[in-house]
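Student: Got a sequence here, can you model it:
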Amino acid sequence: MKSLRYLALVPLLAGVLADGAVYKIEQGYVDANGVMIYYEAFGQGTPLVIVHGGPGASHDYFLPYLTPLARHHRLVFIDERGSGRSSKLDNPSGYTVEAMADDLEAVRRELALGRIALLGHSYGGVLAQAYALKYQQNLSSLILCSTFFSTTKMNQVFQKELAAMPADVRERIQKLEAAGLFGHGRDYEKNRYPEAYMIAAWGEGYFPYLYQRHPDANYDPVDDGKMSWDLYREMWGSDGEFVIDGNLKSVEYAEKLPSLRVRTLVTAGDHDECDPGQAKELSGLIHGAKLVIFPRSGHMTFVDQPDLFLGVIDDFLTGK
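Tutor: Next up, the predicted model:
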């Protein structure tokens, strides 16, 4: 079931002695709890498993930004159930953070990874917390990037961000939400946000919280809508970007996180969609956690500050 590809990487991190290297990419599927979970792995060293956000995106947005970490670590990217190249479920009720944590454990076990370092970004950081709370004995370290630990607090952040938007953008967003975001347009458009809402919410409202130093010139809010909508609606909800009212409402980890005894790094951008104040509070809940706030950075910290991000992650993992 596995196939091999090859990726040539040009050394970017300090301390690399070789002029270049070629890393084989292993790709395949793990049958996890009856769901086929797609993975890609490459690199050398101890395993670093990386889980994506959305929910309903895929691992692709990490590439090529995180590839230099392969010099010191075996990188294992997965597409969560319902996302990317992994299996879609007929019944969306199976899309839960708890089920995804069990899928992640199945991947760790079936690939014989042993104890792993786990990095989660955005919703992936929520998934990483859920995994740690159930399987912390299988972790060597935990990295939580631009994420949240409380849906209640995250919804408060969204309302502050919405209130800070230009009045015309906010009014368009609220008008579209009031009309209902699904069931409009042509048949192929009815099960996703209207294009006007994607542009207003993601392209205008969110954009300053996504990027700061290096705004992505290829970013397209409508193209960003190519994701698993059944999953997104089940987990996030159907009422728009500025309230989580799907099954992610269950994410309230403040009382549980002090039980963790895993080396932990918490990061965020200083203009992050997941407010840096949340990152500070999150780091305070986990025993001995380290906190890094990246300057001139939005939610995509590894795009805005690639060298800083890679250096911080590599130093944390190697114990420098």
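
Student: buried ones in stretch 95-103?
Tutor: 95, 96, 97, 99, 100, 101, 102, 103 (16 or more other C-beta atoms under 10 Å). Quick note: C-beta positions are derived from backbone N, CA and C, even for glycine.

Student: And it, how far out from the chain middle?
Tutor: 14 Å (C-alpha atoms, centre = their mean, to the nearest Å).

Student: can you check stretch 71-91 too?
Tutor: Relative to its parent chain, stretch 71-91 has a centroid offset of 11 Å by C-alpha atoms, centre = their mean.

Student: first to last residue in that stretch, what's the distance?
Tutor: One end of stretch 71-91 to the other measures 40 Å (C-alpha to C-alpha, to the nearest Å).

Student: just the strands in this protein please.
Tutor: Secondary structure of the chain by DSSP state E: the strands cover 3-9, 21-32, 35-43, 46-51, 73-78, 116-121, 139-145, 263-269, 290-294.

Student: what would those strands look like in CSV with mean neighbour count, distance to residue 313 and mean pLDDT?
Tutor: Below are the strands of the chain laid out as CSV (neighbours: other C-beta atoms under 10 Å; distance: least, C-beta to C-beta, whole Å; pLDDT from 0 to 100):
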stretch, mean neighbour count, distance to residue 313, mean pLDDT
strand 3-9, 11, 16, 31
strand 21-32, 16, 18, 95
strand 35-43, 22, 13, 98
strand 46-51, 23, 8, 98
strand 73-78, 24, 9, 98
strand 116-121, 26, 7, 98
strand 139-145, 23, 6, 98
strand 263-269, 26, 8, 98
strand 290-294, 18, 9, 98
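
Student: Just put the ones you listed in CSV and tack on distance to residue 236.
Tutor: Output for those, formatted as CSV (distance: least, C-beta to C-beta, whole Å):
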stretch, distance to residue 236
strand 3-9, 33
strand 21-32, 23
strand 35-43, 20
strand 46-51, 17
strand 73-78, 20
strand 116-121, 16
strand 139-145, 19
strand 263-269, 20
strand 290-294, 25
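
Student: Out of these, the one nearest residue 284 is which?
Tutor: Taking C-beta to C-beta, strand 290-294 is the member of the strands of the chain nearest to residue 284, at 8.3 Å.

Student: Tell me which strands that closest one pairs with, and in which orientation.
Tutor: strand 263-269 (parallel) (DSSP bridges).

Student: Can you give me the domain boundaries for this protein?
Tutor: Domain assignment for the chain by automatic domain parsing gives 3-152+252-318, 158-248.

Student: one step back: the buried residues of stretch 95-103 in helices, which ones?
Tutor: Secondary structure from DSSP state H places 97, 99, 100, 101, 102, 103 of those in helices.

Student: Grab the nearest non-local neighbour of residue 173.
Tutor: residue 200 (5.1 Å; C-beta to C-beta, 6 or more residues apart in numbering).

Student: Oops, could you answer that again for residue 124 instead?
Tutor: residue 51 (3.8 Å).

Student: correct me, but the one you found touches residue 107?
Tutor: No: in this structure, residue 51 is not within contact of residue 107 by C-beta atoms under 8 Å, at 9.9 Å.

Student: need the contact list for the residue nearest to residue 124.
Tutor: 78, 80, 104, 118, 119, 120, 121, 124, 127, 128 (C-beta atoms under 8 Å, 6 or more residues apart in numbering).

Student: Where does the prediction get shaky in this structure?
Tutor: 1-20 (pLDDT under 70).

Student: can you give me the helices for the stretch 151-300 of the chain?
Tutor: Counting by DSSP state H, counting those that start in this stretch, the stretch 151-300 of the chain has these helices, from start to end: 151-164, 167-178, 195-197, 207-210, 229-235, 276-285.
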